[in-house]
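S.K.: everything below, folded, please.
(one chain, ligands or ions: 1)
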Amino acid sequence: MKLAFDDAGRGPALLLLHPFPFDRAFWARATPAFVGAGLRVIAPDLRGFGASQTSDATWTLVDQAQDVLGLLDQLSVSHAHVLGLSMGGYVALALAALQPQRLLSLVLAHTKATADTEQAKTGRGQAIQTVQTRGVDVFADGMLDKLLAPQATPELRVCVRALMNQPAPTVVSALQALRDRPDRQAELSRIAVPSLVLTGAEDGISTPEENRALAHQLPNAELEIISGAGHLSPWETPEVFASRVLRFVTRAS
Ligand code: MLT
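M.R.: Residues are numbered from 1 along each chain as shown. Coordinates of the predicted model:
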């Protein structure tokens with residue numbers, strides 16, 4: 001599967017894997033800081049998202065990881081720092097399981113290695129029904145509150161909401177793939193590269209407690225809980241997000 005992507009800057013590669021229901025435009029605020037610090041930023045639209053639209057009805061997060069590995073091959077990038085946020089983190093963990101030797105380091109942002117709980121799976125089913133009966137906009141409006149910390153400004157809410165603009169078949173396929181993803185906790189002890197686990201103090205989707213446990217399960221991880229951020233620190237606290245990632249990646253380079 002050919003992916004649309006941005007490729008900016010020169011230096012060690014930093015692969016950015018976006019969350020759901022976003023696309024590579026999600027990284028617009030963070031990319032200049034990464035490029036300015038001497039990194040080559042590669043940011044794909046995952047299968048079905050943004051300009052990587054597809055007629056494929058269903059796919060898994062492993063398919064997404066294989067697509068991304070194909071993109072690295074296409075660009076002759078043998079090694080990369082891999083940063084996945086939320087859904088992008090699930091893809092990053094799938095990628096780490098498929099080809100661990102490609103990773104220079106791993107940043108797991110606002111994500112988790114556990115599978116959906118039964119309650120979460122039920123919620124995915126309800127979300128699919130909402131998309132199919134009432135449309136993506138109603139679904140996205142409802143999701144916005146869960147993504148941002150309560151103190152998010154109206155301007156930020158408008159900005160983030162405008163980025164949540166994916167076709168209905170993609171949103172449905174993604175909800176199925178998120179629901180059906182495996183528990184990857186047993187694989188964490190095999191991730192030897194330096195890792196940064198990062199979330200927001202007010203993230204209700206990937207909570208500080210879950211992230212503490214995740215960092216503890218990785219052999220070589222540090223943990224960052226960003227105060228004032230919910231689920232989307234690259235937009236809520238962009239300077240803190242970029243500087244924390246850069247400090248880590250620079251040390252790991
Ligand atoms: C995301 O931000 O990518 C999603 O919230 C992930 C999820 O719902 O599990």
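S.K.: quick one: strands adjacent to the one helix or strand residue 224 maps to?
M.R.: Using DSSP states H and E, residue 224 sits within strand 221-226. Its sheet considered, strand 221-226 pairs with strand 195-200 (parallel) by DSSP bridges.
S.K.: buried stuff in the strand holding residue 224?
M.R.: 221, 223-226 (16 or more other CB atoms under 10 Å). (C-beta placed from N, C-alpha, C; glycine too.)
S.K.: go through those and say which is closest to the ligand.
M.R.: Comparing those against the ligand with CB to the nearest ligand atom places residue 226 closest, at 15.5 Å.
S.K.: you'd agree the closest one is up against residue 235?
M.R.: No. Applying CB atoms under 8 Å as the test, residue 226 and residue 235 come out as separate, 11.8 Å apart.
S.K.: tell me the pLDDT of residue 55.
M.R.: We note a pLDDT of 77 for residue 55 in this prediction.
S.K.: quick one: neighbours of it, just the number.
M.R.: 6 (other CB atoms under 10 Å).
S.K.: that one: which element?
M.R.: Under DSSP H and E, no helix or strand contains residue 55.
S.K.: and it, what are its phi and psi?
M.R.: Phi and psi for residue 55, reported as degrees, to the nearest 10, are phi -90, psi 0.
S.K.: tell me the buried residues in the strand or helix carrying residue 143?
M.R.: Here residue 143 sits within helix 136-147, counting by DSSP H and E. By neighbour count on 16+ other CB under 10 Å, the buried set for helix 136-147 is 136, 139-140, 143, 147.
S.K.: any idea of the mean pLDDT in that helix?
M.R.: On average, the pLDDT along helix 136-147 is 97.
S.K.: quick check: buried residues in the next helix or strand after that helix?
M.R.: Downstream of helix 136-147, the first helix or strand assigned by DSSP H and E is helix 154-163. Using 16+ other CB under 10 Å as the test for burial, helix 154-163 gives 160-161, 163.
S.K.: repeat for stretch 27-36
M.R.: 27, 30-31, 33-35.
S.K.: got a list of what the residue lying closest to residue 7 once chain neighbours are set aside touches?
M.R.: Spatial nearest neighbour of residue 7, excluding adjacent residues (CB to CB, 6 or more residues apart in numbering): residue 42 at 5.3 Å. Residues counted as contacts of residue 42 (CB atoms under 8 Å, 6 or more residues apart in numbering) are 5-7, 13-16, 71-72, 75, 77, 80.
S.K.: export the residues you listed to a markdown table and tack on neighbour count, pLDDT and distance to residue 108?
M.R.: A markdown table is the format used below for the contacts of residue 42 (neighbours: other CB atoms under 10 Å; pLDDT from 0 to 100; distance: CB to CB, whole Å):
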| residue | neighbour count | pLDDT | distance to residue 108 |
| --- | --- | --- | --- |
| 5 | 20 | 98 | 21 |
| 6 | 16 | 98 | 21 |
| 7 | 13 | 98 | 23 |
| 13 | 21 | 98 | 18 |
| 14 | 28 | 98 | 14 |
| 15 | 29 | 99 | 13 |
| 16 | 28 | 99 | 13 |
| 71 | 20 | 98 | 20 |
| 72 | 20 | 98 | 19 |
| 75 | 15 | 98 | 23 |
| 77 | 17 | 98 | 20 |
| 80 | 22 | 98 | 15 |
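S.K.: show me those residues that map onto helices.
M.R.: 71-72 (DSSP state H).
S.K.: which of the contacts of residue 42 lies closest to the ligand?
M.R.: Looking across the contacts of residue 42 and measuring by CB to the nearest ligand atom, the closest to the ligand is residue 16, at 13.2 Å.
S.K.: coming back round to it: the ligand next: which of the buried residues of stretch 27-36 are close?
M.R.: With CB under 6 Å from any ligand atom as the criterion, those include none near the ligand.
S.K.: go ahead and confirm residue 26 touches residue 18.
M.R.: Yes. Counting by CB under 8 Å, residue 26 touches residue 18, with 4.4 Å between them.
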